[in-house]
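Pasting a predicted model and its sequence here:
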Amino acid sequence: MKGAIFDLDGVITDTAKFHFEAWSQLAKEQFGLELPAEFEAQLKGISRTDSLVKILEFGDILDQYDEEQIAQLAEKKNGYYLKAIDTLTKDDILPGITDLIAQLKAHDVKLSIASASKNAPAILKKLGLYEKFDAIADPSKVANGKPAPDIFLAGAKAVDLDPRDCVGVEDAVSGVAAIKAANMTAVAVGDPKELSQADAVVNTTADFSYELFEKTWEKAK
Ligand code: G16
Ligand code: MG
C-alpha cells in the first residue's frame, strides 16, 4: 500500500449535518419546503448542484428553475454552509483520524483527499489537517461524481500513484462504488450490510489503523 485516498465528509469530520441544515434553511425560505430527515443521508457525497436538483425534484418544482437560478440558489446555500462550518476546530476531527494519519505517514503512505466538496481545502484548514495531506483532488475538474471513479482516480494521480497501490476510505455507498470502480481497495466506516461492496467495514473511525489498511490491501489486491 503506497497511498490512502480519503473521502472527507463522514470520514475525517461530520459535515453532513451542516449541509443538511443549510439545505433545510434554503428549502424553507425559498420554496416553503420542509425537508424530511432522510435527506441528510441521501445528500451524502452528492455534489452541490445535484443535491439542489434532488430537493427541487422532491418539491416537484424543478421545471420552474433555469440553470442560472439553480446556480444562484446553490451559491446561497453555500453561504449558509460556510457560516456554519466557520465554527469547526480540531475538536471536530472524527475519533482516531489524527492517530491514523500519523501512523500512515510513519509508514510513508501518501495521503490524498477525494471529496465531492469544493470546500475541502477550507475545511481541512479549519481542522488543522491541511498540511498533512499531499494532495486534494479538485472536484470541479472531474467529469462525473461518485459512484463514478473519477474523483478517486484524480486523488491517486495527484500523488503519482497507481490506483491498485491505494486504499480508498469512505462512509457512503456511492463512494465505496467509486473506489471499487477505480480499482482500489475499499475500507469503509458504517453499516456492513449497506457497505457490503467494501473490502473491510468498521463501526467507527476509531477502528481505523495502518494495520487494518495494509492487511485489507494485501488481501484484496
Ligand atoms: C460532500 C457532502 C455532500 C455535499 C458535497 C459537495 O461530499 O457529503 O453532501 O453536497 O460534499 O459539497 P460542497 O457544497 O461543499 O462543494 P464528500 O465527498 O466529502 O462526502
Ligand atoms: Mg462521505
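Nice, thanks for sending it over. Ligands and ions are numbered 1, 2, ... in the order given.

Quick one: residues in contact with stretch 133-144.
Stretch 133-144 is contacted from outside by 6, 47, 110-118, 120-121, 124, 145, 150-152, 154-155, 157-159, using CB atoms under 8 Å, 6 or more residues apart in numbering. In short, each C-beta sits where N, CA and C put it, glycine included.

and the next element down the chain from the helix or strand hosting residue 69?
Element membership for residue 69, per DSSP states H and E: helix 67-85. Once helix 67-85 ends, the next helix or strand along the chain (criterion: DSSP H and E) is helix 97-106.

sorry, back to before: selecting buried members of the contacts of stretch 133-144 in PyMOL, what would you type?
The following PyMOL line selects those of the contacts of stretch 133-144 that are buried, judged by 16 or more other CB atoms under 10 Å:
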select buried, resi 6+47+110+111+112+113+114+115+116+117+120+124+145+150+151+152+154+155+158+159
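
Flag every residue of the protein that's near ligand 1.
Neighbours of ligand 1 within the chain, by CB under 6 Å from any ligand atom: 7-10, 16, 19, 43-48, 51, 78, 115-119.

Can you select the buried ones among those for me in ChimeraX?
Command for ChimeraX that selects the buried part of those, burial taken from 16+ other CB under 10 Å:
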select :7,8,9,10,16,19,43,44,45,46,47,48,51,78,115,116,117,119
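
Surely residue 185 touches residue 199?
Yes. The pair residue 185 / residue 199 is scored as a contact, 5.1 Å apart, by CB atoms under 8 Å.

My read is that residue 35 contacts residue 23, right?
Yes. Assessed by CB under 8 Å, residue 35 is found in contact with residue 23 at 6.3 Å.
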